[in-house]
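Q: show me how the following folds:
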Amino acid sequence: MKKDVQPAKMSYFFGPGWRDLWLFIKKFWGYNQEDIKRRAEKVETGKGIMSLSGASRLLSCFALILFGTFFFVLIAATVSALLGVAFLVVYVLIFLVWGIDRLLLISKGIFVACPDCKSKYLIPVYLCPGCGARHTVLTPGKYGVFKRTCNCGHKIPSHFVTNRGKLAAECPKCSFALSGTGNKPLCIPVIGGRSSGKTAYITAFSYDFIEKAAPRNGIMIEHYSEGTKQFYETDITNDYMGGTTRMTKTETDVRQASSRAFSFEMHSKKLSPARLVQIYDVAGESFIENTENEAQLQYTYCHGIVFMLDPLSIPTVRNYMDDSISEVDKASVGTLDVDLVLDAFMNKLREITGQSSKAVFNVPIAVVISKSDIRTLDRFIGDEMISEYMTGQGWGMEAFAVAEDRLCRQFLIDNGLASLVSNIDMKFKYNRYFKCSAIGHTREAGRYNPRGVLEPMEWLFQTADSGMKSVWHEHQFGSVMRGDR
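A: So this is what the prediction gives:
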């Protein structure tokens, strides 16, 4: 079976139309042949060709052969030319409609990113709502322009403007069930070493955004699937309410994806199309050791990156720890060198994208210093220190994010991570530093009380997608300053 053969009825202008033209020509030629045969029989049954009537019939037979065939060719050619021109016009129109479909997808930034195998494509496999048949190329073409008729008789949309994206779909590579294929994705990987706070951050952001930020900004949330809805209502909500966090599983079954995506849709009157948020989490061990079961292709098309940095993984900072830090917090300190984490990520990024070591990436990166509720950090990047800095500069509260960025950079530089700050500046055109506390207190000491978890994502969303500025704009970010440390 040819690759583009679909379980649908072909348009009249592709298969049936040409067959009808052939049948017309064949029948017209048959009529001409029958007339010639009747004249020939009269010649044979007459008085012979030597008689006047016989000679007359023979001449009429030759005339019919000559002129009949001439008129047949003339009429058949005329009809074929007229229908050919008409069909050509239809083909051009279909091509234009197909081009508009593609142009709409590309101009609106719409594509499909499989949460499982991480493959990216414009058109997934769509399923017929009537019979479940798999339509692998549901685009304007020989099976229909704006709609096509499945073999079961069900009419299904085949164009962006006819809401093709509302159909159930599958990944053409791994057959993973997809949703929101007509939405514009916002893919955000959250990276970091083991125990850097990635999962806690995703939990805190997801809950606070869905339950608080979205409603107060007129954004309606729709879960990606029943599976993600259940994951949100059980794992994320239970962790948030209980002040706990799950260690991201290092997947040993090679048939399962190492990187998991939590996805949800954002709908608003100000957003067209809707947005599909996909937040990726991968175990720190798999990330550093490069042992993921699947290629992390999300780095080739992601819209932003959250780089989680555990400040207690920095040796000089650990020296400042005092008795106020609980044993639970001490047990959850990340032990991986932060520079090693960045190097592993940059190597993976270059490997997957094919970029050289000198390439500068346009994807924005938010470097988030986690666990900022630990009092040890107050003397470096606490809110009082930020306020004092702003007062000294004569800034108002609208510059809080700028001061936060500046102090976080200086904190890392002063504690032996100047090379990390420099490398991020050189490799990422858009970068900004934040501090946050995902849980807000010692783990397992009550429900989450997050601080600073929304700001990094809000900045990433606005930087990667200008349309998000009209929907979510709770904080002012200003321009970062990288000189005069």
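
Q: in a helix, residue 433, correct?
A: No: secondary structure of residue 433 (DSSP: H, G, I helix; E, B strand; the rest coil): strand, not part of a helix.

Q: for it, the count of nearby residues, please.
A: Neighbour count for residue 433, taken as other Cβ atoms under 10 Å: 26. The way it works is simple: take the backbone N, C-alpha and C, and place the C-beta from them, glycine included.

Q: quick one: it from residue 367, how far?
A: Residue 433 sits 5 Å away from residue 367, going by Cβ to Cβ, to the nearest Å.

Q: what is in contact with these two at once?
A: residue 408 (Cβ atoms under 8 Å, 6 or more residues apart in numbering).

Q: select the longest helix from the protein.
A: Taking DSSP state H as the criterion, the chain has its longest helix at helix 69-107.

Q: for that one, which positions count as buried?
A: Across helix 69-107, burial judged by 16 or more other Cβ atoms under 10 Å covers 72, 76, 83, 87, 90, 94, 97, 98, 101, 105.

Q: likewise stretch 151-167?
A: 155, 156, 157, 158, 159, 160, 162, 164, 165, 167.

Q: measure it end to end?
A: 17 Å (Cα to Cα, to the nearest Å).

Q: quick one: distance of it to the chain centre.
A: 20 Å (Cα atoms, centre = their mean, to the nearest Å).

Q: and the gap between the nearest residue to residue 297 once chain neighbours are set aside and residue 228?
A: Setting aside the residues directly before and after it, residue 297 is nearest to residue 118 in space (Cβ to Cβ, 6 or more residues apart in numbering), at 3.9 Å. Going from residue 118 to residue 228 by Cβ to Cβ gives 16 Å.

Q: then residue 107?
A: 28 Å.

Q: sketch out the low-pLDDT regions of the stretch 1-150 of the chain for me.
A: 1-3, 17-18, 21, 28, 30-68, 72 (pLDDT under 70).

Q: can you give me the strands in it?
A: 112-113, 120-121, 125-127, 134-135, 147-149 (DSSP state E, counting those that start in this stretch).

Q: show me the contact partners of the last one.
A: By Cβ under 8 Å, 6+ apart, the list of residues contacting strand 147-149 from outside reads 6, 8, 9, 135, 138, 143, 155, 156, 157, 158, 159, 162.

Q: what lines up beside that strand in the sheet?
A: Paired with strand 147-149 in the same sheet, following DSSP bridges, are strand 155-157 (antiparallel).

Q: tell me what the helix or strand immediately after the partner strand in the chain is packed against?
A: As assigned by DSSP states H and E, the chain's next helix or strand after strand 155-157 is strand 169-170. If you count contacts as 3 or more Cβ pairs under 8 Å, 6 or more residues apart in numbering; DSSP states H and E, strand 169-170 packs onto strand 125-127, strand 177-178.

Q: can I get those strands in TSV with mean neighbour count?
A: As requested, these are exported to TSV (neighbours: other Cβ atoms under 10 Å):
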stretch	mean neighbour count
strand 125-127	21
strand 177-178	21
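
Q: would you turn those strands into a markdown table with distance to residue 151?
A: Shown next, in a markdown table, are these (distance: least, Cβ to Cβ, whole Å):
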| stretch | distance to residue 151 |
| --- | --- |
| strand 125-127 | 13 |
| strand 177-178 | 22 |
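
Q: quick one: closest of those strands to residue 461.
A: strand 177-178 (21.9 Å; Cβ to Cβ).

Q: give me the sheet partners of the closest one and which way each runs.
A: strand 169-170 (antiparallel).

Q: for residue 476, give its distance to residue 270.
A: 19 Å.

Q: likewise residue 243?
A: 35 Å.

Q: do residue 392 as well
A: Counting by Cβ to Cβ, the gap from residue 392 to residue 270 is 38 Å.

Q: could you do residue 452 as well?
A: Residue 452 is 26 Å from residue 270, by Cβ to Cβ.

Q: domains in this protein, as residue ranges please.
A: 16-107, 112-178, 184-470 (automatic domain parsing).

Q: number of nearby residues for the nearest residue to residue 357 once chain neighbours are set aside?
A: Nearest residue to residue 357 in three dimensions, chain neighbours excluded: residue 350, at 6.4 Å (Cβ to Cβ, 6+ apart). As a burial measure, residue 350 scores 16 neighbours (other Cβ under 10 Å).

Q: state the next helix or strand along the chain beyond the helix or strand containing residue 350.
A: Using DSSP H and E, residue 350 sits in helix 338-353. Sequence-wise, the next helix or strand beyond helix 338-353 is strand 365-369, with elements assigned using DSSP H and E.

Q: hmm, who's touching that following strand?
A: Defining contact as Cβ under 8 Å, 6+ apart, one finds that strand 365-369 is touched by 201, 304-309, 311, 377, 381, 408, 411-412, 424, 428, 430-436, 452, 456-457, 459-460.

Q: next, the angle strand 431-435 makes with it.
A: For strand 365-369 against strand 431-435, the angle by axes from the mean of the first three to the mean of the last three Cα atoms, to 10 degrees is 20 degrees.

Q: pull the distance from whichever helix or strand comes after strand 365-369 to the chain's centre.
A: Per DSSP H and E, the first helix or strand lying C-terminal to strand 365-369 is helix 378-381. Distance of helix 378-381 from its chain centroid, counting by Cα atoms, centre = their mean, is 39 Å.

Q: fine by me, we can end here.
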